[in-house]
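K.L.:
Next come a sequence and a model predicted from it.
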Amino acid sequence: MTTALVAVVCGAGHLLLVPGTPSPAGTVAAPPTAEAAAAPTKHPLTHTTAAPKPSPPPSPKASYPVDGPGTYTWAKGTSERIGTRGRLIRYAVRLEDGTDLDVDDVAEEIKGILGDPRGWTRHGVASFQQVDRPPYAMLVTLASPGTTDRLCARWGLDTGGEVNCGVAPNLIVNLRRWIELSPQYAGRPHAYHTLIINHEAGHDLGYGHRTCPGPGRPAPAMMQQIKGLRGCRPNPYVYDSDGAFIDGPKVP
């Protein structure tokens, strides 16, 4: 059977290769994960997760090579499980060598994002655990623009030195975006990083793109916000503070 692959631009300045079949949870799969068209089930709020201690965001003045060496340092160790219910997604974090960033600081920020009560753990949709070796269902790689282009070109994606790309289980974050952010999140590095991680984790969970639900309303995390907000307000979170899913019309 032949699986059709289509490249689309994702919300945080991201190209995603949308496949026809999903990858099994907890394994390193060669084919990309699928985007489900159905909206998530809205469960009543059954518990509240305590807000994690915020991690200091990496400095927006951090330097990075335009074309890195293609070698990486991995965040070490296995974390506690983040969230107590739902599908367990094991993930790893690695950083291309030659930057001013510390991979363990980056991993700590990502862990805080995934554990935020406004994220995917809120209603037991998913739980997460950082690991430093396979098997994992998501590999977050922060790479220079040049390396991002080469990695993404393997899947036929043209990132032009500017954007991220993803083919499950791989999430390639362009260091230019991580450090320089996007216009919608200028001066708000942690908020933009939150959008990147929530958006891509959503794809890993099978959620497709959404668009603005109406002027003045918060943009869904699954919206392609870098392409324009269409009257919505910038928002990096999956749920609001009351536990309501921030949704919008499905993108065809």
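P.N.:
Thanks, I have it.
K.L.:
residue boundaries of the helices in this structure?
P.N.:
Taking DSSP state H to define them, one finds helices in the chain at 103-115, 145-153, 175-180, 189-204.
K.L.:
what's the most buried one of those?
P.N.:
Per-stretch averages of neighbours, counted by mean count of other Cβ atoms under 10 Å, single out helix 189-204 among those, with a mean of 24. Just so you know, the C-beta spots here come from the backbone N, C-alpha and C atoms, and that holds for glycine as well.
K.L.:
Retrieve the pLDDT associated with Tyr237.
P.N.:
pLDDT recorded at Tyr237 is 97.
K.L.:
What of Cys165?
P.N.:
Model confidence at Cys165 (pLDDT) stands at 84.
K.L.:
thought it was touching Trp155?
P.N.:
Yes. Contact status for Cys165 versus Trp155: in contact at 7.2 Å, counting by Cβ atoms under 8 Å.
K.L.:
Compare these two (neighbour count), which wins?
P.N.:
Counted by other Cβ atoms under 10 Å, Cys165 and Trp155 do not tie: Cys165 has more neighbours, with 27 against 17.
K.L.:
Would you mind measuring from the more buried one to Tyr72?
P.N.:
17 Å (Cβ to Cβ, to the nearest Å).
K.L.:
any weak-confidence spans in the stretch 1-150 of the chain?
P.N.:
Within the stretch 1-150 of the chain, the segments meeting pLDDT under 70 span 1-61.
K.L.:
What are the boundaries of the strands in it?
P.N.:
All strands of the stretch 1-150 of the chain, identified by DSSP state E, counting those that start in this stretch, fall at 6-10, 14-18, 72-74, 87-96, 126-130, 138-143.
K.L.:
What helices and strands are in contact with the last one?
P.N.:
Spelled out, it's strand 138-143. If contacts are counted by 3 or more Cβ pairs under 8 Å, 6 or more residues apart in numbering; DSSP states H and E, strand 138-143 sits against strand 87-96, strand 170-174, helix 175-180, helix 189-204.
K.L.:
just the angle between the shortest one and strand 87-96, please?
P.N.:
In other words, strand 170-174. In terms of direction (axes from the mean of the first three to the mean of the last three Cα atoms, to 10 degrees), strand 170-174 departs from strand 87-96 by 40 degrees.
K.L.:
burial of Arg154, as a residue count?
P.N.:
Neighbours around Arg154, by other Cβ under 10 Å: 11.
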